[in-house]
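Undergrad: structural data only, the sequence is not supplied:
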Ligand SMILES: [Zn+2]
């Protein structure tokens with residue numbers, strides 16, 4: 001099969017479009033999927049650079065997100081069959097630890113995620129546990145079905161399970177261009193929240209307004225805490241999504257109302273921000289960190305997507321062989337929504 005494999009840690013020059021062995025079912029609970037599309041995530045880039053602390057076996061296939069058609073099933077598989085069009089739930093656990101035994105295998109310390117300890121989706125075929133395959137949401141193309149799982153399961157756990165975002169609440173989203181941020185805007189609007197977004201790009205703010213953002217702040221021109229104060233008449237927002245951190249972190253805490261919740265799943269501008277404990281205790285703030293989410297949350301999400309009429313925003317589609325260019329596009333922060341790979345037949 002054709003695949004994009006990395007042969008060592010480093011830059012995009014470590015990615016090779018080449019021939020690789022086609023995976024076959026090896027365990028009775030596994031399936032093989034013929035992929036039609038894959039999506040790029042920041043985690044792919046960190047894995048490529050060797051920045052995640054996970055020792056990857058080389059050559060290695062990156063990619064946590066994908067969608068395609070089941071072509072082979074193990075003898076114990078009952079939830080899917082050959083010919084089914086599926087999207088992929090990325091994480092899989094050891095099956096034995098306290099987290100795996102309580103539907104929290106995304107917290108497993110021996111976590112096997114697609115593109116990390118499992119071979120990923122930058123390929124024509126992928127092998128994975130059958131329980132990680134779910135029916136594609138109605139009306140989704142393969143590109144859309146590959147674009148949503150990782151970002152939407154992450155935001156679903158953050159906004160719905162953890163922060164319990166409610167209709168009528170006010171939410172601030174930092175850095176609206178990213179995949180999680182733009183998808184959070186879509187979900188928050190559907191929930192009925194009032195949403196303020198920030199970006200350094202007027203073009204991205206305009207796209208956010210078209211998706212329903214109530215206010216946009218260009219952080220290069222305006223201090224967003226001041227705008228939040230004006231918009232909320234001094235009260236602050238109920239929920240902040242801050243996956244940027246760095247210099248922004250303290251402002252995010254300052255923007256929260258008493259009893260507010262901050263959710264984070266990343267720190268693209270720096271993971272050791274100066275904290276403000278006074279704001280945290282005096283305003284009774286809650287801070288939720290998370291990555292990914294459970295199969296039950298994924299099931300809720302699929303049900304929500306089927307009913308809500310939301311589709312992920314696909315910014316640009318590259319052919320599989322141009323995975324290096326696709327990763328560069330993401331690294332340069334040019335995207336609004338998802339960067340997707342189309343897999344050749
Ligand atoms: Zn486990």
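TA: Noted; the coordinates are in hand. Bear in mind that the values here come from a model prediction, so they are computed numbers and not experimental data.
Undergrad: element containing residue 212, please.
TA: Counting by DSSP states H and E, no helix or strand carries residue 212.
Undergrad: checking the closest residue to it other than its chain neighbours next. Helix, strand or coil?
TA: Leaving aside its chain neighbours, residue 212 sits nearest to residue 189 (4.0 Å; criterion: C-beta to C-beta, 6 or more residues apart in numbering). From N, CA and C alone the C-beta is placed, and that goes for glycine too. On the three-state scheme (DSSP: H, G, I helix; E, B strand; the rest coil), residue 189 is labelled helix.
Undergrad: surely residue 189 and residue 211 touch.
TA: Yes: between residue 189 and residue 211 there is a contact at 7.2 Å, judged by C-beta atoms under 8 Å.
Undergrad: which neighbours do these two share?
TA: Overlap of the contact sets of residue 189 and residue 211 (by C-beta atoms under 8 Å, 6 or more residues apart in numbering) is empty.
Undergrad: contacts for stretch 160-172 next, please.
TA: Identification of contacts with stretch 160-172 by C-beta under 8 Å, 6+ apart yields 159, 184, 187-188, 191-198, 224, 228, 231-232, 237-241, 252, 255, 257, 261, 263, 286, 288, 290, 293, 297, 300.
Undergrad: now that stretch: mean pLDDT?
TA: The average pLDDT within stretch 160-172 is 98.
Undergrad: centre of the chain to it, how far?
TA: Counting by C-alpha atoms, centre = their mean, to the nearest Å, stretch 160-172 is centred 18 Å from the centre of its parent chain.
Undergrad: may I see the buried residues of it?
TA: Buried residues in stretch 160-172, defined by neighbour count with 16 or more other C-beta atoms under 10 Å: 160, 162, 163, 165, 169, 170, 171, 172.
Undergrad: what are the ranges of the helices in this structure?
TA: Applying DSSP state H to the chain gives helices spanning 42-49, 142-147, 149-155, 179-191, 202-210, 224-231, 249-255, 277-282, 295-308, 323-331.
Undergrad: can you mark which positions in the longest one are buried?
TA: Counting neighbours by 16+ other C-beta under 10 Å, one finds that the buried residues in helix 295-308 are 295, 297, 298, 300, 301, 302, 304, 305.
Undergrad: burial count for residue 202?
TA: Neighbourhood size, residue 202 [other C-beta atoms under 10 Å]: 12.
Undergrad: contacting residues for the residue nearest the centre of the chain?
TA: Nearest to the mean C-alpha position of the chain, counting by C-alpha atoms, centre = their mean, stands residue 151 at 2.1 Å. If you count contacts by C-beta under 8 Å, 6+ apart, residue 151 has them with 41, 179, 180, 183, 312, 338.
Undergrad: what's the lowest-pLDDT member of these?
TA: Lowest pLDDT of those: residue 179, 85.
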